[in-house]
Every structure is written in C-alpha cells, then in structure tokens.
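A.B. asks: turn this into a structure:
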Amino acid sequence: MAEAGIVLAGGFATRLRPLSYTKPKPLFPVLGRPVLDWVVENVAEVAEPVVSARYLSSLIRAYVGSRWGSRVRIVEEDRPLGDGGAVVNVVKSLGLRGPVIVANGDVFTDLPVREVWEFHRRKGAAATLALIEVPPEDVSKFGIAVIDEDGRVKRFVEKPREPVGSNLANAGVYVFSEEALAAFPEANGEVKIAKHIIPELLKKFDVYAYVHRGLWFDIGTHQDYLKANFAALDKCGECRPEIRGVKIIPPVYIGPDAVVEPGSVLGPYVVVGGRSKIGPHVRIRESVLMDGVVVEAGSHIVRSIIGEGAALGKWVRVVEAVVADGVFIKDEVTVGRGASIGPNREVEADVKEGEVLP
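C.D. replies: So this is what the prediction gives:
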C-alpha cells in the first residue's frame, strides 16, 4: 500500500464559469455523483485518500465530511500553490515520507489506480506517471511523454509547439517514491508537476509510464463536461429507465427521488439529477440537469447544462446553452445558442445567441 493517495482538488475551474462560480470542479456530477467521488473510490483501493483543496474549499470540506467522514482527510492550501506545490504542502503537513499516489480530482476516467500502483512496484520506479493516447491534433494541449519499449520515459515536453514523436499525454495520475519526493524542487511560487517536477526527476531517476487505453475526460470545459457524462451513459448498463407515460430514448440516467410527468420525452444522452421535477410534455436531449432542477410543462432543452436548483418555467427553450445554479427562467423565454446565465438570478426576457448574463 502507498502511504497516502493525494487527490488534487484546488483549481479555480475558470473555463467552467458561470457554473463554477458556485461549485468547485471536483463536485461537478457525472451520472449524479461528484467527480471527486469517482476519484476517491479509485484511489482508496490502494491508499488512504487525502484531498488537497483551496477554491470553494468549504464546499469540498462539507461534502467530504458528509459523504466520507473521517475516512478521507482534507488539507487546505493557504494560497495557490500549483499541483506540485499542493503535493509538497500535503506531504509536509502530514509528515509523509512516501511512496504516495497523486491523482487529479477533476478528471473522469476508468483508469485503474491499483494497476498503476502494481506497475510502479514491478518496475522498481522512482516515479510513475499514467498516460493516455490523444489525437495528434490535440498534442499541444497536454504534457507529452516519449517512452521506450520497456515503458521508461525518455523525454517529457509540456504542451509542445512542435511534434515530438508521441501522442501519449499526461493523464494526471502519478506514483512518487520516497526518493522522488525528497528530490522535489523547493516551492518558490506555484510549482507544477509537469513543468517543474517531472523534468527534474528525469535527470536523476528512472521514471516509467503506465499507458491507459480507456475512458479519460478532463471536465475543464462545458463541452468536455457533457462528453464525460455521455461516455459514462454509454458504459451504464442500467441507464434505460421505464416511466409510465414517459418516452425514454436510452441512454438516460434519472437520479433518486426525481419525478418525470407523463407526455415528456427524454433522450438520448440525458442526465437528470436527484430530486428534480420534470413537468408534462417536456423534451430533453443531450443535456445534463444537476440536482433539484425544476422544468415546467412544454419546455425544450437541447445540448445544454442546467445547474443545481435552477427552475425553468413553462414553454422555455434552452439550446446549446449553460444555465448556472439557482437561476429562475420565466415562462416562454428562449435562451439562445452559446449563451450562458450566471447563478442565482431571474431571467424575464429572451437571451440572445452568445449572450453572457453574469
């Protein structure tokens, strides 16, 4: 077993605004469960989870306390430290020596942490990083590793501007031995694992790569968040609910205590959060509704995200848009493509395409 499994959950999630104004990215739900839950469960197979939090940390602390209790510890950053600095902060705060597992708390993946840990031990590596294959056109968005036939990392380039002969990207899961932790550079401002730590470790140790060929989604944008939920729906064998008088076009997930009234049509690719209330003759497809959403009769939602506790009146139309937590949209309002509505506000008039209501 590793000494600890550090789950990084401190990012600001600026690209997910306005949804992330009131909800930290690790608490964004996939199939009704926060991404953080999926990560913690994965890490807990081989280590005691420790969550490193900063942005909206009070919400993360409250959720972890209610869901996990004392089984998951939390260490808060007093200032932005970067992902590498967050690891150092946890190690020093808890007096850890290693080895430790580190996992990004905002990535939805079926990457098996247990297998990464066992691979690390077999190789006798000082450090191991998980990699995921990405399309060649996306290489410049990630840290890219070049590996040999034995899985040893020969070169690592953060967001390369030119081809480096590989499309194996950093998947945000690492194992660091005691000797690797001891070699981390001293924190001077923000320290990044990919930019500052991995290059230094490559100079001193054998660093190995575990290549994952499965689901992997960084939910950092609205579109990627939808894609993660849709991929989870594809893997969900139970996402074919039957509700009398309601037409379901699978895959569809309906959370606990949600109500859908007769005459509505849901799917394909729809997630309805727990305690939501969907009125009669509502049409929803390719969309995610978070917990406690109310949608009244005759409304139409397509390729959109509706935040927690939002309420849509009768005959509302939302197409390819984002509605944040706690919004109330009055009857017959249309929200245009590419529009976004900030949290906890009332919307009485149509929202134009691309318009942003903060």
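A.B. asks: how is the chain carved up into domains?
C.D. replies: 4-222, 237-357 (automatic domain parsing).
A.B. asks: going by mean pLDDT, which of the ones you listed comes out lowest?
C.D. replies: Least confident of the domains of the chain, judged by mean pLDDT, is domain 4-222 with a mean of 93.
A.B. asks: measure that one end to end?
C.D. replies: 31 Å (CA to CA, to the nearest Å).
A.B. asks: coming back round to it: would CSV of the domains of the chain with distance to Asn229 and mean neighbour count be doable?
C.D. replies: Backbone N, C-alpha and C define where each C-beta goes, glycine included. As requested, the domains of the chain are exported to CSV (distance: least, CB to CB, whole Å; neighbours: other CB atoms under 10 Å):
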stretch, distance to Asn229, mean neighbour count
domain 4-222, 5, 19
domain 237-357, 5, 19
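A.B. asks: just put those in TSV and tack on distance to Ala228.
C.D. replies: Below are the domains of the chain laid out as TSV (distance: least, CB to CB, whole Å):
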stretch	distance to Ala228
domain 4-222	4
domain 237-357	9
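A.B. asks: just list the residues touching Leu357, thanks.
C.D. replies: 339-342, 345, 347, 351 (CB atoms under 8 Å, 6 or more residues apart in numbering).
A.B. asks: what's the end-to-end length of stretch 190-198?
C.D. replies: Where stretch 190-198 begins and where it ends lie 15 Å apart, using CA to CA.
A.B. asks: tell me the one among the contacts of Leu357 nearest to Tyr210.
C.D. replies: Ser340 (37.4 Å; CB to CB).
A.B. asks: the nearest residue to that closest one once chain neighbours are set aside pairs with what?
C.D. replies: In this structure, Ser340 finds its nearest non-sequential neighbour in Val322, 4.3 Å apart by CB to CB, 6 or more residues apart in numbering. Counting by DSSP bridges, Val322 is bridged to Ile305, Ser340.
A.B. asks: any idea how far Phe119 is from Val322?
C.D. replies: To Phe119, Val322 is 39 Å away according to CB to CB, to the nearest Å.
A.B. asks: so what's the nearest residue to Gly342 once chain neighbours are set aside up against?
C.D. replies: Distance criterion CB to CB, 6+ apart; nearest residue to Gly342, sequence neighbours excluded, is Pro18 at 4.1 Å. Applying CB under 8 Å, 6+ apart to Pro18 gives the contacts 322, 324, 340-343, 356, 358.
A.B. asks: also Asp331?
C.D. replies: 296, 313-316.
A.B. asks: that one and Arg345: what is the separation?
C.D. replies: According to CB to CB, Asp331 stands 16 Å off from Arg345.
A.B. asks: same question for Glu308.
C.D. replies: Taking CB to CB, one finds Glu308 at 14 Å from Arg345.
A.B. asks: now swap in Trp117 and tell me
C.D. replies: Taking CB to CB, one finds Trp117 at 46 Å from Arg345.
A.B. asks: any idea how far Val39 is from Ser93?
C.D. replies: Distance from Val39 to Ser93, by CB to CB: 20 Å.
A.B. asks: I figured Val318 was touching Arg303, is that so?
C.D. replies: No. Val318 is beyond contact range of Arg303, at 9.2 Å (criterion: CB atoms under 8 Å).
A.B. asks: confirm that Asn89 sits in a helix.
C.D. replies: Yes. Counting by DSSP: H, G, I helix; E, B strand; the rest coil, Asn89 is part of a helix.
A.B. asks: list the contacts for it?
C.D. replies: With contacts defined as CB under 8 Å, 6+ apart, the neighbours of Asn89 are 52, 75, 77, 81, 187.
A.B. asks: which of those fall in strands?
C.D. replies: 52, 75 (DSSP state E).
A.B. asks: show me which pair in the contacts of Asn89 is furthest apart.
C.D. replies: Val75 and Ala187 (14.4 Å).
A.B. asks: so which elements touch the helix or strand containing Val64?
C.D. replies: Assigned by DSSP states H and E, Val64 belongs to helix 57-67. Helices and strands touching helix 57-67, as assessed by 3 or more CB pairs under 8 Å, 6 or more residues apart in numbering; DSSP states H and E, comprise helix 35-43, strand 49-53, strand 73-76.
A.B. asks: out of those, flag the one nearest Leu111.
C.D. replies: Of those, the one closest to Leu111 (CB to CB) turns out to be helix 35-43, at 7.6 Å.
A.B. asks: give me the nearest residue to the residue positioned nearest the centre of the chain, chain neighbours excluded.
C.D. replies: With distances taken as CA atoms, centre = their mean, Asp106 lies nearest the centre of the chain, 3.2 Å away. Spatial nearest neighbour of Asp106, chain neighbours left out: Lys25 (4.3 Å); criterion: CB to CB, 6+ apart.
A.B. asks: next, give phi and psi for the one you found.
C.D. replies: Backbone torsions of Lys25, given as degrees, to the nearest 10, read phi -60, psi -40.
A.B. asks: what is the longest strand belonging to the chain packed up against?
C.D. replies: Taking DSSP E as the criterion, the chain has its longest strand at strand 168-176. The contact analysis (3+ CB pairs under 8 Å, 6+ apart) places strand 168-176 against strand 100-104, strand 107-109, helix 113-123, strand 127-133, strand 143-147, strand 207-212.
A.B. asks: closest to Val35 out of these?
C.D. replies: strand 107-109 (5.4 Å).
A.B. asks: list the helices and strands that closest one packs on?
C.D. replies: Counting contacts by 3+ CB pairs under 8 Å, 6+ apart, strand 107-109 is packed against helix 35-43, strand 168-176, strand 216-218, helix 222-234.
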